[in-house]
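Need coordinates for the below:
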Amino acid sequence: MRNLEEIKNDLAEKNRQIGEIEGQIVEAEKILSEQKNAYSKALLAKADPETLTDRRNAIHSANIEADGVMGVKEILQAELLELETEAAAAQLYATDAEKHNNSMAQVERSVTAINEGLPKLETLVNELSSAIMSLIR
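As a prediction, this is how the structure comes out:
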């Protein structure tokens, strides 16, 4: 499992890339809109067939570009979702590891306390055994 800090850095980079591509989407949609508007004006002006073909080709090209950058954004968003899932798993792992370490430290403290108390317990058991034996005699 990767380090949580690495994942967070990757998340920041992915968000930066998405922000960048969103700017490209805005620009691509603007160009597409301009090309559609130019085609409409050419139709209105009853432009020659060659001009209309050029305008349609420009719309087609702009549409492909807009679809392409929107596809890139979708890919980046899917990658971002995967990173967010990985970050959540890494965070959960870190939390569980911390709980495990805390529990192991508590076990160690308890074992130490028991070991330190064994001589006193041995003395108490011996005294109890002696008391019981004196009652039985």
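
In contact with Ala38, which residues?
Contacts for Ala38 (Cβ atoms under 8 Å, 6 or more residues apart in numbering) come out as Arg55, Ala58. C-beta: built from backbone N, CA, C; applies to glycine.

Could you measure from it over to Glu29?
Taking Cβ to Cβ, to the nearest Å as the measure, Ala38 falls 15 Å from Glu29.

which stretches of the chain have low pLDDT?
Where the chain drops to pLDDT under 70, the residues are 1.

longest helix anywhere in it?
Looking across the chain with DSSP state H, the single longest helix is helix 49-136.

Now do that one: which elements does it pack against?
For helix 49-136, the elements it packs on are helix 4-44, judged by 3 or more Cβ pairs under 8 Å, 6 or more residues apart in numbering; DSSP states H and E.

excluding its backbone neighbours, what's nearest the spatially most central residue of the chain?
With distances taken as Cα atoms, centre = their mean, Glu84 lies nearest the centre of the chain, 1.4 Å away. Nearest non-adjacent residue to Glu84, counting by Cβ to Cβ, 6 or more residues apart in numbering: Leu11, 6.9 Å away.

Return the residue of the protein that is most distant from the centre.
Distance to centre of the chain, Cα atoms, centre = their mean, peaks at Arg137 (75.4 Å).

how much space between the nearest residue to Ala62 once chain neighbours are set aside and Glu65?
Computed as Cβ to Cβ, 6+ apart, the closest residue to Ala62 that is not its neighbour in sequence is Leu32, at 4.1 Å. The gap separating Leu32 from Glu65 is 8 Å, by Cβ to Cβ.
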